[in-house]
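Peer 1: When you get a sec, could you give me coordinates for this:
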Amino acid sequence: MPLYAALDLGTNNCRLLIAQPTRPGQFRVVDGFSRIVRLGEGLAASGRLSEDAMNRSVEALKICAAKLGHRNIRRARLIATEAARAAENGVVFMERVSAETGLELEIIDRETEARLAVSGCASLVGREARSVVLFDIGGGSSEIAVLRIGDNRSSRLANHITHWTSLPVGVVTLSERHGGRDVTPESFEGMIREVSGMLDRFDCPDIEEVRAAEDFHLIGTSGTVTTLAGVHLDLPRYDRRRVDGLWLSDDEVSAMQARLLSWDFAARAANPCIGPDRADLVLAGCAILEAIRRRWPSTRMRVADRGLREGLLTDMMADDGVWRRGRGRRPSRSGPQTGSEEGRSS
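Peer 2: Numbers count the residues shown, from 1 in each chain. Predicted structure coming up:
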């Protein structure tokens with residue numbers, strides 16, 4: 001079976017997945033990599049990627065390049081998001097990445113990022129749902145997509161997006177502005193107000209009347225919501241199999257946010273589902289989540305430990321027709337490639 005690869009260099013993380021298609025709409029991960037690199041550290045203040053942040057990211061990308069080089073990859077798409085988009089030296093950094101790692105990264109726009117998040121989480125949208133708000137709280141931006149599904153559900157869920165927005169705020173930028181280490185109820189509310197002001201400018205009609213709880217729900221894909229789920233389950237260490245697809249009630253989300261807000265930095269860092277690398281970011285993520293919940297109240301939220309990489313893989317495999325019975329397949333090509341040959345960007 002052919003192998004596909006997806007790499008996502010974000011504001012906070014560098015992530016790689018290499019996968020093989022299996023049953024229709026599904027794939028098996030054969031290799032992966034994830035490292036917190038904080039590429040966007042200090043970007044909000046300076047407008048530029050710092051030398052330390054770029055060095056950390058290049059070292060992580062070298063590991064990704066080695067993994068890709070050891071496998072016969074049919075298609076790969078390697079993307080960079082908000083930090084590279086927003087930085088004055090973002091394009092120059094992409095040139096450095098190419099020179100030092102051999103990887104050609106594509107800086108995607110915000111609409112593409114929103115659509116990829118939807119594609120990656122498509123299987124978590126309940127079959128009974130008629131409307132969904134899906135959000136991806138990133139390090140430097142937060143993408144939100146409103147989907148109205150109705151009776152005729154497309155095989156590509158991104159086709160049901162009626163409205164989307166990309167907020168120029170994420171866990172890194174918000175925590176840097178408000179302080180993520182020592183968060184008080186007052187500073188937490190200040191973060192919520194900032195994000196709510198951005199959402200007020202999002203021109204999107206309200207969700208039509210929800211007649212049953214199954215008609216509408218939220219889907220969250222980010223370290224924030226997976227962290228909340230891990231804390232809720234009281235996991236001794238993070239376990240994706242327990243978290244991905246978990247349903248949380250509105251009351252459970254509120255309880256978890258209140259619990260995290262009651263902990264000091266040391267307590268957050270000591271929690272195995274948070275750790276010291278995320279302890280100063282998680283409450284900024286909770287503030288973004290709370291602003292979204294206030295804009296679109298819902299009785300339940302589904303947790304997704306998946307996102308852009310899964311969206312990239314799903315779309316490449318669908319475009320190649322690997323899940324169509326009896327379809328011919330393109331000959332394999334070795335080596336990582338950019339997304340220039342992709343027919344769709346989402």
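Peer 1: hey, where'd the helices end up in the stretch 1-150 of the chain?
Peer 2: 43-46, 51-69, 82-86, 90-101, 110-120 (DSSP state H, counting those that start in this stretch).
Peer 1: packing partners for the first one?
Peer 2: Taking 3 or more CB pairs under 8 Å, 6 or more residues apart in numbering; DSSP states H and E as the contact definition, the neighbouring helices and strands of helix 43-46 are helix 171-178. The way it works is simple: take the backbone N, C-alpha and C, and place the C-beta from them, glycine included.
Peer 1: Which SSE is immediately downstream of the helix it packs on?
Peer 2: Tracing the chain C-terminally past helix 171-178 and defining elements by DSSP states H and E, one meets helix 185-200 next.
Peer 1: what's in contact with that following helix?
Peer 2: Here helix 185-200 makes contact (CB atoms under 8 Å, 6 or more residues apart in numbering) with 142, 165, 167-169, 174, 177-179, 261, 283-284, 286-288, 290-292, 294-295.
Peer 1: Quick check: which of the helices of the stretch 1-150 of the chain is nearest to Arg306?
Peer 2: helix 110-120 (5.0 Å; CB to CB).
Peer 1: Now the closest one: average pLDDT?
Peer 2: Helix 110-120 shows a mean pLDDT of 90.
Peer 1: And stretch 248-257, by the same measure?
Peer 2: pLDDT averaged over stretch 248-257 gives 96.
Peer 1: And stretch 44-59, by the same measure?
Peer 2: 96.
Peer 1: Same question for stretch 274-282.
Peer 2: Across stretch 274-282, pLDDT averages out at 94.
Peer 1: mind listing what's buried in it?
Peer 2: Buried residues in stretch 274-282, counted by 16 or more other CB atoms under 10 Å: 274-275, 278-282.
Peer 1: before we move on, the earlier item: between the helices of the stretch 1-150 of the chain, which one is closest to Gly25.
Peer 2: Once the helices of the stretch 1-150 of the chain are compared by CB to CB, helix 110-120 is nearest, at 10.8 Å.
Peer 1: other SSEs contacting the closest one?
Peer 2: Short answer (3+ CB pairs under 8 Å, 6+ apart): helix 110-120 packs on strand 131-137, strand 142-148, strand 161-167, helix 308-320.
Peer 1: Relative to Asp239, which of these is closest?
Peer 2: Here helix 308-320 is closest among those (CB to CB), at 17.9 Å.
Peer 1: what are the ranges of the helices in the stretch 201-346 of the chain?
Peer 2: Counting by DSSP H, counting those that start in this stretch, the helices of the stretch 201-346 of the chain are 223-232, 240-243, 250-262, 265-270, 282-295, 308-320.
Peer 1: which stretches of this protein aren't confidently modelled?
Peer 2: 209-213, 325-346 (pLDDT under 70).
Peer 1: what about stretch 244-252, how long is it end to end?
Peer 2: 16 Å (CA to CA, to the nearest Å).
Peer 1: who's in contact with it?
Peer 2: Counting by CB under 8 Å, 6+ apart, 124, 226, 228-229, 232-233, 256, 293, 297-306 sit against stretch 244-252.
Peer 1: picking up where we left off before, what would the buried residues of stretch 274-282 look like in CSV with distance to Leu43?
Peer 2: Putting these into CSV (distance: CB to CB, whole Å) gives the following:
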residue, distance to Leu43
Ile274, 23
Gly275, 23
Arg278, 18
Ala279, 20
Asp280, 16
Leu281, 14
Val282, 20
